[in-house]
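A.B. asks: fold the following and give me the result.
(chains A and B)
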Amino acid sequence: MAPSAGLGLKPQHFEEALASPADGLWFEVHPENYLVEGGPRLAWLEAIRARHPVALHGVALSLAGAARPDAGHLRRLGALVDRIQPALVSEHLAWSTWRGAYHPDLLPFPRTDEALARIADNVGRVQDALRRPIAIENPSHYVVIDGHEWDEIAFLEALARRTGCRLLLDVNNVFVSARNLGFSAKAYLDGFPGALVEEVHLAGHSADPALGPALLVDSHDAPVDPAVWTLYERLVARIGPRPTLIERDDNLPAFDALLAERERAQSVLRAPLREAA
Amino acid sequence: MTRAAIAARRLERFQDEFARALLAEDAAAAGLAPEIARLAAQPGFAVYRNTVMKGCVDALQANYPSVARLVGDEWFRAAAAFYARANLPRHATLADYGVDFAAFLAAFAPAAELPYLPGVASLDRFWTEAHAARDETPVDAKAVACLSPGELARAVLRPHASARWAWFEAQPIATIWRRNRYPEGADDGEIEWRGEGVLIVRPRAAVEHVELDAAACAFLDACAAGRTLAAAAAAALAVRANADLAGLMKRLLDAEAFGSLSVLEQEPQEQLP
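C.D. replies: A predicted model of the protein is given here:
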């Protein structure tokens, strides 16, 4: 089936999402919100899953932590994967849980040989537990860290080589990081290994309330930025169509507005096919 | 320690210091390792601090909407941030975050003038637990109705997996909670200041709530302890000598408060609680 565009699914949109007849529409959710014993949340997700493909996009395995993923969390995630049979399971190149405390964010680390070994071990454990490869997403960056031994793309490639994992390329994260750290988003995307990309993310960002546009925040509270669309079109033209997700977590608009953004991604995905025809 | 062992602990030390910098009131005064101090001094570090705190506070506000409505956004978010600094979530299932928020509010000096807040918070917690509890087909009232009087006395009704209940001796917590949890169409008449109890249960898709008196709460406590209906009835009568047992049973069965029914072969040797 040709790669198509999907939407991040929020409980407020369950009814419309369930009823939507859009061709090739799929949904992505954060599994952490569905690790429950029962109840309407899980029932909704199963109803959606009966009609549309669903991807699970985790934020809490803390793969870049200097510790193994929490065994209980991994077991509950495995049960959800068995139940939902997701099209894809993904996580972030970041840490969040450390010494028994969960920090609700995707935190950075120095990309060293030590970190690579640790993350590769963690990714391997997750893939063994879930009995499937997962995809790892490039995070947004806000600070310059001393002591990186690897650049991010080489690190992700090495991680994929060691573990067989796939990559999730978030174009908005690249745009935000490029602005914040002062590198070229275009050059980063042009150098990203297309063959490893299993999924693409698009989202909106916002200027930091205090510092303005010099510091962009990956806030998922606005439509996808025009500059991010341009980068996305360039990426798809180079690597070909990939399943693409419109993420929106805050300042939630009507479902139709998200569908319209999703339709735009869908038209970009169809473009190379038209050219080829 | 060998150089390799020191190198192997670098990520660990980075995370220890980074986590400390995230929560420090004043990162510059926290005595952070130089590597992290340089990092925390960058303007972008505030994004991590803000995101972590916002994630915690948003989760508490989602879990305690009635408390937030009672005290207003500003007060709630300030109190939640105070709580979060000392109590980060223990894991990423944020619906579980703040299990002890009611106890925190009870000891929180700025909340001293709002003595009903902890009770209201505990009912918001009940709601969250009921919402995510294991699904279970509730006991049908008809199954109880067809028991003989002898069987009825030896019957054990286990509360539904989602059922949570509490009796508040001194305050109308159920009414205050209900008016703030379901503000649409809530009556805004004078609240009678008296003790109240409530059962929160999700027998099917939706979370329901029913007001209960002290006798019904004592009855459910006995059922939860695995005691027979005869013993549960005695427990109800012990707190309210004039309790209407038939009405109480009907109310609980109508609310679908039970998850299983069994009848013991013979009268158990009752032990006083």
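A.B. asks: B:Trp206 contacts A:Ala43, doesn't it?
C.D. replies: For residue B:206 the amino acid is Ala, not Trp. No: using Cβ atoms under 8 Å as the test, B:Ala206 is too far from A:Ala43 to be in contact (11.3 Å). To be clear about C-beta, it is placed using only N, CA and C from the backbone, and glycine gets the same treatment.
A.B. asks: okay, now B:Pro115: neighbour count?
C.D. replies: 12 (other Cβ atoms under 10 Å in any protein chain shown).
A.B. asks: I misspoke; the intended subject was B:Val139.
C.D. replies: 21.
A.B. asks: and it, how far from chain A?
C.D. replies: According to Cβ to the nearest Cβ, to the nearest Å, B:Val139 stands 17 Å off from chain A.
A.B. asks: repeat for B:Leu23
C.D. replies: Counting by Cβ to the nearest Cβ - B:Leu23 and chain A are separated by 9 Å.
A.B. asks: and that residue, what pLDDT?
C.D. replies: Looking at B:Leu23, its pLDDT reads 91.
A.B. asks: where do the helices sit along the stretch 101-250 of chain B?
C.D. replies: Remark: helices assigned in the stretch 101-250 of chain B by DSSP state H, counting those that start in this stretch are B:101-107, B:117-132, B:141-145, B:149-154, B:173-181, B:214-224, B:229-239, B:245-254.
A.B. asks: how about the second one and chain A, touching?
C.D. replies: Yes: remark: helix B:117-132 sits within contact range of chain A at B:131-132, by Cβ under 8 Å from any Cβ of the partner chain.
A.B. asks: switch the helices of the stretch 101-250 of chain B over to a markdown table; also include mean neighbour count, mean pLDDT and distance to B:Leu199.
C.D. replies: Below are the helices of the stretch 101-250 of chain B laid out as a markdown table (neighbours: other Cβ atoms under 10 Å in any protein chain shown; pLDDT from 0 to 100; distance: least, Cβ to Cβ, whole Å):
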| stretch | mean neighbour count | mean pLDDT | distance to B:Leu199 |
| --- | --- | --- | --- |
| helix B:101-107 | 18 | 98 | 18 |
| helix B:117-132 | 23 | 98 | 9 |
| helix B:141-145 | 13 | 94 | 15 |
| helix B:149-154 | 13 | 94 | 21 |
| helix B:173-181 | 21 | 97 | 9 |
| helix B:214-224 | 23 | 98 | 7 |
| helix B:229-239 | 20 | 97 | 14 |
| helix B:245-254 | 17 | 97 | 7 |
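A.B. asks: next, format the ones you listed as TSV and append distance to A:Ala271.
C.D. replies: Shown next, in TSV, are these (distance: least, Cβ to Cβ, whole Å):
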stretch	distance to A:Ala271
helix B:101-107	51
helix B:117-132	43
helix B:141-145	62
helix B:149-154	72
helix B:173-181	49
helix B:214-224	62
helix B:229-239	69
helix B:245-254	60
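A.B. asks: relative to A:Arg234, which of those is closest?
C.D. replies: helix B:117-132 (43.4 Å; Cβ to Cβ).
A.B. asks: now do that closest one against helix B:173-181, angle only.
C.D. replies: 70 degrees (axes from the mean of the first three to the mean of the last three Cα atoms, to 10 degrees).
A.B. asks: quick one on the thing from earlier: the more surrounded of B:Ala206 and A:Ala43?
C.D. replies: Comparing B:Ala206 with A:Ala43 by other Cβ under 10 Å, the one with more neighbours is A:Ala43, at 14 against 10.
A.B. asks: and A:Leu245, that's in a strand?
C.D. replies: Yes: the assignment for A:Leu245 is a strand, going by DSSP: H, G, I helix; E, B strand; the rest coil.
A.B. asks: and it, what does it touch?
C.D. replies: A:5-8, A:28, A:55, A:57, A:199-202 (Cβ atoms under 8 Å, 6 or more residues apart in numbering or on different chains).
A.B. asks: one more time with 6 Å
C.D. replies: Contacts for A:Leu245 (Cβ atoms under 6 Å, 6 or more residues apart in numbering or on different chains) come out as A:6, A:28, A:201.
A.B. asks: which of those residues tops the neighbour count?
C.D. replies: Busiest of these [other Cβ under 10 Å] is A:Gly6, holding 28 neighbours.
A.B. asks: and the residue lying closest to that one once chain neighbours are set aside, how many residues sit next to it?
C.D. replies: Once flanking residues are discounted, A:Gly6 sits nearest to A:Trp26: 3.8 Å by Cβ to Cβ, 6 or more residues apart in numbering or on different chains. A:Trp26 sits with 21 neighbouring residues when counted by other Cβ under 10 Å.
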